[in-house]
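Undergrad: give me a model of this one.
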Amino acid sequence: MTVPTRAAAAQPVKLLALGDSLTAGYGLPEPQGFTRQLEKALAAKGYSVTVINAGVSGDTTAGGRARLDWALAEKPDAAIVELGANDMLRGLDPGQAKDNLDAILKTLKDRRIPTLLAGMYASPSLGKPYTDKFNAIYPDLAKTYNVPLYPFFLDGVALQQALIQPDGLHPNAQGVAVIVERILPSVAALLDGLPQIQKTSVRTGG
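TA: Sure, this is the predicted structure:
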């Protein structure tokens, strides 16, 4: 029986996760946060990947833009960009959020770092004009930069009380596990496009 797997690179692939508290693992022990759970899930799929936690709780798109060069000092091979939730929660101008994300994606493109853009949806309580403008940010930029889009980072978790911490905003460990499970195929597809990821076959008995 032949089982497809992936040969480990000489060094683990570095995957930068640039984000806010959702990436940082707010309110959770480090092993239960997004980056560690994602790293573990990727390892179970045969990927040798180090997920760099570049999440800062409370960060807006402007904050992520300001510290991008610092994050890139890690020399990542690929990146996930998860920003915008705090812009939305504070009612900041969607146009400014788009400009910041545009600058981030341009820098990553210029550095030739393949990127997965993780989107966010605005709360309906902000009104239709705001939500329409905010929700359009991510698909518009994904098209502009020809990057894959994961439409809603909190897919399957938002409004699910059992998966949210008592603050009503941040996922608990089980919520993070749902996020990782749902985004994993998109992350795997991103990694499969890297030259360092070589697919091989391992023969097993049977």
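Undergrad: ok, now how distant is Ala158 from Gly27?
TA: In this view, Ala158 and Gly27 are 16 Å apart by C-beta to C-beta, to the nearest Å. The C-beta positions use only the backbone N, C-alpha and C, and glycine is treated the same way.
Undergrad: repeat for Leu15
TA: Leu15 is 23 Å from Gly27, by C-beta to C-beta.
Undergrad: check Ala122 too.
TA: From Ala122 to Gly27 the distance is 23 Å (C-beta to C-beta).
Undergrad: for Val180, same thing?
TA: Computed with C-beta to C-beta, the distance linking Val180 and Gly27 is 16 Å.
Undergrad: ok, now Ala66?
TA: 24 Å.
Undergrad: more neighbours: the two, which one.
TA: Legend: neighbour count by other C-beta atoms under 10 Å for Ala66 and Gly27, higher for Gly27 (17 against 12).
Undergrad: wasn't the more buried one part of a strand?
TA: No. Applying DSSP: H, G, I helix; E, B strand; the rest coil, one finds Gly27 to be coil, outside a strand.
Undergrad: so what's it scoring on pLDDT?
TA: Here, the pLDDT recorded for Gly27 equals 96.
Undergrad: before we move on, what about Ala10?
TA: pLDDT for Ala10: 55.
Undergrad: can you give the contact residues for stretch 139-159?
TA: Contacts to stretch 139-159, defined as C-beta atoms under 8 Å, 6 or more residues apart in numbering, come from residues 22, 82, 85, 98, 101-102, 105-106, 109, 114-121, 138, 163-164, 171, 175, 178-179, 182-183, 186, 189-190.
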